[in-house]
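> my questions are about this predicted structure, shown below with the sequence.
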Amino acid sequence: MTVKPQTINWYEKFFQGMALDLWRAAIPIETTEEELAFLLQTLAAPQGGRLLDVPCGNGRLSLPLSLSGYSVTGVDFCQPFLDQAAESARAHKTKIDYIQGDMRALKLKNKFAGAFCMGNSFGYFDRPGTVDFLKAVAACLESKARLVIDSSMVAECFIVNGGEKEWLQVGDMLMLVENNYDCRKSAVESTYTFIRGSEKQVSKAVHWIYTSGELSDMLESSGFSIVDMLANTDLENPEKFELGSERLLLVAEKI
């Protein structure tokens, strides 16, 4: 399989219709609460400090962080997600700066005390694009501020655990994921088939696959040092990241 040019910027059109509905409902509140506690402890930002959520999706993490007293900015390419996030912020009477834009070209006036890329939203870009993203985040951070990257698509996870075909159910919706791996590009093209009653939607996505070592090198070349590599967000029972872990939580610090 060769990654097709039309799938390179798949994220521009992927999050719509049933795909958007599924992602909104996919993560249980218990997971969000655990991730929030993890971020608060790991980022160690001062109370009231500025935090950057990129990409922010529908504000799943931005909103509770804002309600906890932090000044939050969220960036995402998907306008429907941003519209929902902004509506939730208004409903909770809290101010969050939501910005529609490219993660690789962040143009933000303020410096941030911490940043995070959660929800398996890393790996959307090829190698030059990924370095652009990491450098853009570094430019937004204060010295010693931390960045948390969450991914189950690094090589040590995906190549060990990822299958060619998988069915998942979220609420009243079924999702079939069919993966094709391009060894030349180290990228996986996934075809998602969403089914809800008589409705059906097919969408394609591409994740570029990096080893954890390659990701660490890209971070270090972008102005970060590596602080930790974990396999979960459970503060009481933390697990170190290793070959075959289902998830990587990489913690880096701006030099």
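It's in.
> what sits against residue 23?
15, 57 (Cβ atoms under 8 Å, 6 or more residues apart in numbering). In this view, the C-beta of every residue, glycine as well, is placed from N, C-alpha and C.
> which strand or helix spans it?
Secondary structure from DSSP states H and E places residue 23 in helix 17-25.
> can you show me the CA trace of the next helix or strand after that helix as CSV?
Using DSSP H and E, the helix or strand that directly follows helix 17-25 along the chain is helix 29-43. Taking Å, rounded to 0.1, in the frame of the first residue of the first chain, the C-alpha atoms of helix 29-43 are listed here in CSV:
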residue,chain,number,x,y,z
ILE,A,29,-16.0,10.3,32.0
GLU,A,30,-13.9,8.1,34.2
THR,A,31,-11.1,8.2,31.7
THR,A,32,-11.3,11.9,31.4
GLU,A,33,-11.1,12.3,35.1
GLU,A,34,-8.0,10.1,35.4
GLU,A,35,-6.4,12.0,32.5
LEU,A,36,-7.1,15.3,34.1
ALA,A,37,-5.5,14.3,37.4
PHE,A,38,-2.5,13.0,35.4
LEU,A,39,-2.1,16.2,33.5
LEU,A,40,-2.4,18.4,36.6
GLN,A,41,0.3,16.5,38.4
THR,A,42,2.6,15.9,35.4
LEU,A,43,2.5,19.4,33.9
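> for whichever helix or strand comes after helix 29-43, which strands pair with it and how are they oriented?
Next helix or strand after helix 29-43 toward the C-terminus (DSSP H and E): strand 50-53. Its sheet considered, strand 50-53 pairs with strand 71-76 (parallel), strand 112-117 (parallel) by DSSP bridges.
> mean neighbour count and distance to residue 206 added to the ones you listed, as CSV?
Output for those, formatted as CSV (neighbours: other Cβ atoms under 10 Å; distance: least, Cβ to Cβ, whole Å):
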stretch, mean neighbour count, distance to residue 206
strand 71-76, 24, 18
strand 112-117, 25, 17
